[in-house]
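*Asks:* Sequence first, then the predicted structure:
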Amino acid sequence: MATNIRRPDAETQRALLHSMLRIRMVEEEIVARYGEQEMRCPTHITIGQEGPPAGVSAHLKQSDYVFSAHRSHGHYLAKGADLPAMIAELYGKATGCALGKGGSQHLVDLDAGLMGSAPILASTISVGVGVAWSAKRRGEDRVIVIYFGDGSTEEGAFHEAMNFAGVNRLPVVFVCENNLYSVHTPLEIRQPARAIHQLAAVHGMEGEGGDGNDVEDVWRIAGDAVERVRSGAGPSIIEFSTSRWKEHCGPNEDINLGYRDQAEFDAWLAKCPVANYEKRLSDEEAASAETIAAMRSEITDEINAAFDFAKASPFPKPEELSQFVYPAPRVGAGR
């Protein structure tokens with residue numbers, strides 16, 4: 001990285017590393033335990049994509065709101081949401097963040113400002129924009145961040161939401177985590193040869209792209225976008241190139257499927273956002289080996305306690321099954 005580019009101070013650097021390490025280690029434990037068949041929900045693993053949530057959330061206040069999609073674990077954790085409640089949710093327990101009814105794709109922690117995630121492609125984008133409109137009309141000092149993948153930008157809801165946000169100068173940052181694939185279909189045969197963040201211009205907002213595997217690049221770009229939004233200058237879209245290491249849905253490898261080859265996968269492994277940043281801070285003496293070891297030990301203890309909590313928690317009671325489910329009106333009712 002060029003020396004004239006703004007960089008975080010040493011304390012922030014260590015916080016960024018801790019955030020990415022925590023996401024990585026939580027996900028590795030989920031992968032290790034998923035085969036026990038006690039987590040029965042579909043699970044989308046964040047390993048390889050730790051840079052964007054860590055770098056973006058470094059600029060957010062608790063009062064700022066985050067909306068996520070199906071690959072939501074990193075966004076949830078980076079925003080400071082409750083880890084035991086997340087793990088309990090994966091186990092379908094009553095102590096889960098969605099009362100054990102939503103699973104991995106429906107994480108929520110309103111106290112932390114994690115407003116929710118959903119599996120329907122692009123579905124939280126318009127909801128997040130609606131909340132941003134509400135925040136502006138109420139005069140709230142609140143930034144709304146909406147995460148989504150490259151596949152969501154092919155949905156009508158994305159473009160409608162971008163248009164509405166641009167017209168009304170809403171306090172929203174659109175964050176595209178571009179991992180190049182929509183399930184197994186590569187970006188190059190789904191979209192024309194242009195960067196996704198270039199769509200910002202047609203909707204009258206700022207756009208910028210960066211390296212999602214370089215958390216400081218994410219931190220810099222996200223910081224500029226959040227500052228613009230918070231100052232009232234209008235919305236932004238920021239795009240980060242990245243890669244998921246596991247299969248689209250589940251804890252396994254998927255190179256055998258043939259949609260991406262070993263050479264491509266190995267190239268992304270070499271760009272590991274966690275290992276490379278750990279080495280960088282060590283080389284620059286911003287984080288000693290002892291400091292990093294202490295981080296890992298602390299996170300390990302936290303993870304073990306969260307899984308113990310989840311496994312010891314009760315399942316929802318049968319009579320709670322229909323709680324928060326409302327019957328559709330009968331045909332002809334009210335006539």
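*Replies:* Yes, it's here. Numbering: from 1, shown residues only.
*Asks:* excluding its backbone neighbours, what's nearest the spatially most central residue of the chain?
*Replies:* By Cα atoms, centre = their mean, the chain has its centre lying nearest to residue 75, at 3.2 Å. Of all residues not flanking residue 75 in the chain, residue 68 sits nearest, at 4.2 Å (Cβ to Cβ, 6 or more residues apart in numbering). To be clear about C-beta, it is placed using only N, CA and C from the backbone, and glycine gets the same treatment.
*Asks:* what sits against the one you found?
*Replies:* 75-76, 107, 114, 116-117, 124, 147 (Cβ atoms under 8 Å, 6 or more residues apart in numbering).
*Asks:* One more pass at 6 Å, please.
*Replies:* Residues near residue 68 by Cβ atoms under 6 Å, 6 or more residues apart in numbering: 75, 117, 147.
*Asks:* With residue 254 instead?
*Replies:* Residue 254 makes contact with residue 247, according to Cβ under 6 Å, 6+ apart.
*Asks:* and it, what pLDDT?
*Replies:* Note on residue 254: pLDDT of 94.
*Asks:* Equivalent analysis for residue 333, please.
*Replies:* Model confidence at residue 333 (pLDDT) stands at 56.
*Asks:* Also residue 52?
*Replies:* 98.
*Asks:* Please identify the helix or strand for it.
*Replies:* helix 51-57 (DSSP states H and E).
*Asks:* which strands and helices sit next to that helix?
*Replies:* helix 10-34, helix 73-78, helix 215-230 (3 or more Cβ pairs under 6 Å, 6 or more residues apart in numbering; DSSP states H and E).
*Asks:* What average pLDDT does the first one get?
*Replies:* To tie it back to what came earlier, the one meant is helix 10-34. Average pLDDT, helix 10-34: 98.
*Asks:* Tell me what angle it forms with helix 215-230.
*Replies:* Counting by axes from the mean of the first three to the mean of the last three Cα atoms, to 10 degrees, helix 10-34 points 110 degrees away from the direction of helix 215-230.
*Asks:* which of the residues in helix 10-34 are buried?
*Replies:* 13-14, 16-27, 29-31, 33-34 (16 or more other Cβ atoms under 10 Å).
*Asks:* now do stretch 220-235
*Replies:* 220-226, 228-230, 234-235.
*Asks:* Same question for stretch 169-180.
*Replies:* Neighbour counts over stretch 169-180 (16+ other Cβ under 10 Å) mark 169-180 as buried.
*Asks:* Endpoint to endpoint, it covers what distance?
*Replies:* In stretch 169-180, first residue to last residue: 29 Å (Cα to Cα, to the nearest Å).
*Asks:* Any idea how far that stretch is from the middle of the chain?
*Replies:* From the chain centre to the centre of stretch 169-180 is a distance of 11 Å (Cα atoms, centre = their mean, to the nearest Å).
*Asks:* outside of that stretch, which residues touch it?
*Replies:* The contact list for stretch 169-180 (Cβ under 6 Å, 6+ apart) reads 49, 52, 56, 132-133, 135-136, 143-147, 149-150, 165, 187, 196, 225, 229, 234-244.
*Asks:* Backbone dihedrals for residue 181, please?
*Replies:* Here is the backbone geometry of residue 181 (degrees, to the nearest 10): phi -130, psi 140.
*Asks:* Also the one 5 residues further on?
*Replies:* Note on residue 186: its backbone torsions stand at phi -70, psi 150 [degrees, to the nearest 10].
*Asks:* ok, now residue 210?
*Replies:* The phi/psi pair for residue 210 (degrees, to the nearest 10) is phi -160, psi -180.
*Asks:* contacting residues around it?
*Replies:* Applying Cβ under 6 Å, 6+ apart, the residues contacting residue 210 are 217, 221, 240.
*Asks:* now it: how far from residue 216?
*Replies:* Distance from residue 210 to residue 216, counting by Cβ to Cβ, to the nearest Å: 10 Å.
*Asks:* again with residue 81
*Replies:* Going from residue 81 to residue 216 by Cβ to Cβ gives 24 Å.
*Asks:* could you pull out the helices for the stretch 51-200 of the chain?
*Replies:* 51-57, 73-78, 83-90, 123-138, 156-168 (DSSP state H, counting those that start in this stretch).
*Asks:* How many residues are close by residue 146?
*Replies:* 31 (other Cβ atoms under 10 Å).
*Asks:* Could you give the bridge partners of the residue nearest to residue 82 when sequence neighbours are not counted?
*Replies:* Nearest residue to residue 82 in three dimensions, chain neighbours excluded: residue 109, at 5.6 Å (Cβ to Cβ, 6+ apart). Assessed by DSSP bridges, residue 109 has beta-bridge partners residue 114.
*Asks:* Surely residue 109 and residue 81 touch.
*Replies:* Yes - contact status for residue 109 versus residue 81: in contact at 3.5 Å, counting by Cβ atoms under 6 Å.
*Asks:* how long is stretch 145-164 from one end to the other?
*Replies:* Separation of the first and last residues of stretch 145-164 by Cα to Cα is 15 Å.
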